[in-house]
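**Q** Here's my sequence, what's the structure:
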Amino acid sequence: MPHYHAAIVHPGDETTYCGIVPGEHVEAVLAACETHPEREPKTGRDGGIYVLRADGDLDHYLPVDAPARPTETAVTP
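**A** Now for the predicted structure:
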């Protein structure tokens, strides 16, 4: 299972890099989205996954084999 860079994109496009998480973490986040339709995950142009958080921030997950890190690509999908 792949690993992902994880970041939080705050309003105004400020980004907090959180480190690398296992694919199981991303699968759990996506499974939780199934019960919260307002948090429907989106795929960004960078191939990453964006998930809207209850606080208005975006969780950004980018495969570690992607050419860039989330801090370089994190924008509204």
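**Q** in its sheet, what does the helix or strand containing Ala7 sit against?
**A** Assessed by DSSP states H and E, Ala7 sits inside strand 3-9. Looking at strand 3-9 with DSSP bridges, its partner strands are strand 15-22 (antiparallel), strand 58-63 (antiparallel).
**Q** Among these, show me which one is buried the most.
**A** strand 58-63 (a mean of 22; mean count of other C-beta atoms under 10 Å). Where C-beta positions appear, they are placed from N, C-alpha and C, glycine not excepted.
**Q** Now do the same for that strand: mean pLDDT, whole number.
**A** Throughout strand 58-63, pLDDT has a mean value of 92.
**Q** again with stretch 24-42
**A** Mean predicted lDDT for stretch 24-42 stands at 90.
**Q** Now do the contacts for His25.
**A** 4, 6 (C-beta atoms under 8 Å, 6 or more residues apart in numbering).
**Q** Show me how far whichever strand or helix holds it is from its chain's centre.
**A** Taking DSSP H and E as the criterion, His25 maps to helix 23-33. The chain centroid and the centroid of helix 23-33 are separated by 11 Å, computed with C-alpha atoms, centre = their mean, to the nearest Å.
**Q** and what of stretch 35-47?
**A** 8 Å.
**Q** Then stretch 40-60?
**A** With C-alpha atoms, centre = their mean, you get 5 Å for stretch 40-60.
**Q** okay, how far is it across it, tip to tip?
**A** 13 Å (C-alpha to C-alpha, to the nearest Å).
**Q** Name whatever forms a beta bridge with the residue positioned nearest the centre of the chain.
**A** For the chain, His60 is the residue whose C-alpha lies nearest the centre (C-alpha atoms, centre = their mean; 1.8 Å). Under DSSP bridges, the beta-bridge partners of His60 are Ala7, Tyr50.
**Q** Give me the buried positions along the helix holding His25.
**A** 26, 29, 33 (16 or more other C-beta atoms under 10 Å).
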